[in-house]
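[1] all I have is the shape, not the residue letters:
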């Protein structure tokens, strides 16, 4: 049976995670700080209703 291949980068990441066990928690904290925000559905609906369709050619004067 063939030996399973691991790239140099995968080997590096595995070694880094062993040496720095707090990395996964820091990544989750960073994601929560930047991306996981509560969504206001009423505000999103208001944005959709206020949207104006763009003209096919935006530089043409009417």
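    Structure received. Source: prediction; values computed, not measured.

[2] which residues touch residue 16?
    Taking C-beta atoms under 8 Å, 6 or more residues apart in numbering, we find residue 16 in contact with residue 23. Bear in mind the C-beta positions are built from the backbone N, C-alpha and C, glycine included.

[3] secondary structure element holding it?
    Element membership of residue 16, judged by DSSP states H and E, is helix 8-19.

[4] for residue 6, what are its contacts?
    Counting by C-beta under 8 Å, 6+ apart, residue 6 has contacts residue 14.

[5] low-confidence ranges in the protein?
    Within the chain, the stretches falling below the threshold (pLDDT under 70) are 1-2.

[6] which residue ranges of it form helices?
    Using DSSP state H, the helices of the chain run over 8-19, 23-34, 41-50.

[7] got these as a markdown table, with distance to residue 56 columns?
    A markdown table is the format used below for these (distance: least, C-beta to C-beta, whole Å):
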| stretch | distance to residue 56 |
| --- | --- |
| helix 8-19 | 46 |
| helix 23-34 | 36 |
| helix 41-50 | 21 |
